[in-house]
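Student: Need coordinates for the following:
(one chain, ligands or ions: 1)
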Amino acid sequence: MSSAASLSVRGISKSFSGLKAVENVTFDVVPGSIQALIGPNGAGKTTIFNMIAGVFRPDTGDVFLDGQSLLGKRPDQICRAGVGRTFQIVRPFNDLTVEENAAIGALTWTDDVKEARDYANAMLDLLGLGDKRHARPTGITLPDRKCLEVARALATKPKILLLDEVMAGLRPTETDRMVNVFRKLNSDTGLTILLIEHVMRAVMALSAHIVVVNYGKVIAEGAPEVVTRNPDVLACYLGAEAVH
Ligand SMILES: Nc1ncnc2c1ncn2[C@@H]1O[C@H](COP(=O)(O)OP(=O)(O)OP(=O)(O)O)[C@@H](O)[C@H]1O
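Tutor: Presented below is the predicted three-dimensional model:
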């Protein structure tokens, strides 16, 4: 895995049939850091990911990876440039094994199927899925399918990993396992991580910096202990019970 990429989001906006889903959003992800993007349902978080990953072209603004504009690039080009992502709704290929699904990620940088399988297996081992490599996705649990989605994204050898709600539906022990994997990846390889997450246990355990969006706009950003006490953030998202 390559390491320490910076991501710079500059004034991006996106409307859908007149609905301003994202409006003039600007933030930076520091190389080698773990940062979270939080906010209420429908705030625009996944749309921001989709603009970074090239699924949607921003109506305004630009996104820079290590200073290079990603504007106008296709999702596969952005993936090859070093942006790996997971999808909120995991849709593995059910006719393929766990190993083959993960290997799809590696086939973005190699044509050698054995090399892709070997790399995929290393990622599956990292996520604790090694013993299920020959299973079908339908034969494993939801937490394991989430881990498979992360393994597939990691198999693309990203410089920055975008995680879209990978902890949703996990039990606290499974969340803690996933948190430890990301911590270790970040500390061992310098992988930069940007995560969308509603599970505050994971957000607080992982993030050095949090960006909060509401109605498509950034309403707060900063250190977790500061952001989670911000009255605007409490009012729109976290609620008073979250402050302790
Ligand atoms: N492809 C699309 N077409 C039309 N509207 C869309 C599309 N994608 C998102 N939206 C709308 O844009 C707004 C932002 O959605 P988005 O999925 O980015 O929010 P989110 O913060 O990721 O929410 P959640 O936490 O529920 O995943 C919502 O009102 C959503 O309905």
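Student: Could you check how many residues crowd around Val218?
Tutor: 20 (other CB atoms under 10 Å). From N, CA and C alone the C-beta is placed, and that goes for glycine too.
Student: Can you classify it by secondary structure?
Tutor: Classification of Val218 by DSSP: H, G, I helix; E, B strand; the rest coil places it in strand.
Student: Stretch 216-232 vs the ligand: in contact?
Tutor: No - no part of stretch 216-232 sits close enough to the ligand to count as contact by CB under 6 Å from any ligand atom; the gap is at least 7.0 Å.
Student: which other residues reach that stretch?
Tutor: 13, 20-27, 36, 39, 43-44, 47, 200, 203-204, 207-214, 233-234, 236, 238, 242-243 (CB atoms under 8 Å, 6 or more residues apart in numbering).
Student: filter those down to the ones close to the ligand.
Tutor: Ala21, Gly39, Ala43, Gly44, Thr47.
Student: Going along the chain, name the strands of the protein.
Tutor: 7-16, 19-29, 34-38, 60-65, 68-69, 83-85, 160-164, 192-196, 209-214, 217-222 (DSSP state E).
Student: Which elements pack onto the first one?
Tutor: In other words, strand 7-16. Packed against strand 7-16, as judged by 3 or more CB pairs under 8 Å, 6 or more residues apart in numbering; DSSP states H and E, are the following elements: strand 19-29, helix 45-52, strand 60-65.
Student: Check which residues of the longest one are buried.
Tutor: The reference is to strand 19-29. Ala21, Val22, Glu23, Val25, Phe27, Asp28, Val29 (16 or more other CB atoms under 10 Å).
Student: With the shortest one instead?
Tutor: For strand 60-65, burial by neighbour count (16+ other CB under 10 Å) applies to Gly61, Val63, Leu65.
Student: Which residue would you name as the spatial centre of this structure?
Tutor: Centroid-nearest residue in the chain: Leu163, 1.6 Å away (criterion: CA atoms, centre = their mean).
Student: How about it: which residues does it bridge to?
Tutor: For Leu163, the beta-bridge partners are Leu195 (DSSP bridges).
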